[in-house]
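Student: based on what follows, work out the 3D shape:
(chains A and B)
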Amino acid sequence: ETGVTQTPRHLVMGMTNKKSLKCEQHLGHNAMYWYKQSAKKPLELMFVYNFKEQTENNSVPSRFSPECPNSSHLFLHLHTLQPEDSALYLCASSQDLGLVGTGRNEQYFGPGTRLTVT
Amino acid sequence: GDSVTQMEGPVTLSEEAFLTINCTYTATGYPSLFWYVQYPGEGLQLLLKATKADDKGSNKGFEATYRKETTSFHLEKGSVQVSDSAVYFCALTSISSGSARQLTFGSGTQLTVLP
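Tutor: Numbering: from 1, shown residues only, chains lettered A, B, ... in the order given. Next up, the predicted model:
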């Protein structure tokens, strides 16, 4: 496997279910991100981790719970979601947040998980 | 705060036509600028980047020049192909007020190229 992988690629869940999205990067990066992409809306940054520590939470509802056990893996735990949470959830990684502004912190994205909440 | 403004889509062109997708930005300091592309059913891929004024990023026939005087980073391609049909995102990173900031994305421009 190369680059950034995400599983599952598609997920349908009811509002009372609990599920998890998984992201794995094989690039040796230290920063990982979750984004939400909804139809007709700009990409929304949800969470940022750098060296396994959460550095940013953009006012995301508590029904979304991230976990970063190591620099290569990132999870998004989902529970009691709403239909408006249906979206494409993208994971990304970059070398190191300390490189922001240097032009060397470009992010590499996974293919996303298409989530439908019924 | 930082922001990126892209031309509204969708854009529909015939094969071999010239493409321009406008992008302007506001940012503190000296941002790095990026274009990402998202093909149907896939995540975003970095298309090209520029890290300082007057830099030209290029890849796969696409080009964009970092224009600090006009705060712009317009994407161009001389002859588009059907396979270029995708959504294109302009983005920037900057360091503002001493704090590292993440990528700020534009809203995306859908490009459809007809044979």
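Student: give me the neighbour count for the nearest residue to residue B:19 once chain neighbours are set aside.
Tutor: The shortest distance from residue B:19 to any non-neighbouring residue, by Cβ to Cβ, 6 or more residues apart in numbering or on different chains, is to residue B:77 (4.4 Å). (Each C-beta comes from the backbone N, C-alpha and C, glycine too.) Neighbour count of residue B:77, defined by other Cβ atoms under 10 Å in any protein chain shown: 20.
Student: please name the bridge partners of residue B:77.
Tutor: Counting by DSSP bridges, residue B:77 forms beta bridges with residue B:19, residue B:62.
Student: tell me the spacing between it and chain A.
Tutor: 20 Å (Cβ to the nearest Cβ, to the nearest Å).
Student: now swap in residue B:22 and tell me
Tutor: Remark: distance between residue B:22 and chain A (Cβ to the nearest Cβ) = 16 Å.
Student: surely that residue touches residue B:74?
Tutor: Yes: applying Cβ atoms under 8 Å, one finds residue B:22 in contact with residue B:74, separated by 5.1 Å.
Student: so who does residue A:54 touch?
Tutor: A:47-48, A:66, A:68 (Cβ atoms under 8 Å, 6 or more residues apart in numbering or on different chains).
Student: thought residue A:113 was touching residue A:10?
Tutor: Yes: between residue A:113 and residue A:10 there is a contact under Cβ under 8 Å: 7.1 Å.
Student: more neighbours: which of those two?
Tutor: residue A:113 (22 against 9).
Student: any idea how many residues pack against residue B:114?
Tutor: 11.
Student: contacts only, for it.
Tutor: By Cβ under 8 Å, 6+ apart, the residues touching residue B:114 are B:12-15, B:82.
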